[in-house]
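> Next comes the sequence, and after it the predicted model I'd like to discuss.
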Amino acid sequence: MGGMKKALLTKLFYFSSSFARGREIHGHNFILSVTVEFTSKTNESRIEEKIQRSVIQPIHSRDLGLDVDFLKNTPITELNLLKVFTRIIKNEIKPEKLVRLDLERDKNTRFSLPAVNS
C-alpha cells in the first residue's frame, strides 16, 4: 500500500535587490519560496525567523555582488542564488528537511531548484 505522502509547507519571502551584469545594473522585486517537509513538530515561526535573519535581511535592498558577503566572488544568476540560498537554508533550519526553493524574478519568470541537487 505504499508510504503515506508527506505534507509540504511553503513559506514566501519578499525582497528587492540589484546586481550588475556587464555594464548594466539590474534590479528586481523577488519572491523566494521555501518548501519544507511538514510534520507535527515543524515550527513555522522558527523556520521563518531563521530564513529572514540568514538570507533575507542580508540581501534586501542591497547590491548582491557588492554588499553581500556570502555572495562575493559568485556570479549573480538566479541559479547561483538558489544554490547559495539552499546551502544556507539547509544548515539554518535543521532538523527540518528542505525540499525545494523557487525564486520568482517577475510574474512570468520563476526558477526552481530541488534541494537534493545542491
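Perfect, I can see it now.
> where in this structure is pLDDT low?
For the chain, the stretches with pLDDT under 70 are 1-4, 117-118.
> longest single helix anywhere in it?
Ranked by residue count, the top helix of the chain under DSSP state H comes out as helix 78-93.
> That helix: what's the following helix or strand?
strand 98-106 (DSSP states H and E).
> Beyond that next one, next helix or strand please.
strand 109-114.
> Could you name the helices and strands sitting against that next one?
On a contact count with 3 or more Cβ pairs under 8 Å, 6 or more residues apart in numbering; DSSP states H and E, strand 109-114 meets helix 78-93, strand 98-106. In this view, the C-beta of every residue, glycine as well, is placed from N, C-alpha and C.
> and with 6 Å instead?
When contacts are defined as 3 or more Cβ pairs under 6 Å, 6 or more residues apart in numbering; DSSP states H and E, strand 109-114 sits against strand 98-106.
> Any buried residues in the strand it packs on, and which?
By neighbour count with 16 or more other Cβ atoms under 10 Å, strand 98-106 contains the buried residues 98-104.
> Given that strand, what are its sheet partners and their directions?
strand 24-38 (antiparallel), strand 109-114 (antiparallel) (DSSP bridges).
> Which positions within the first one qualify as buried?
By neighbour count, with 16+ other Cβ under 10 Å as the criterion, the buried positions of strand 24-38 are 28, 30-32, 34-36, 38.
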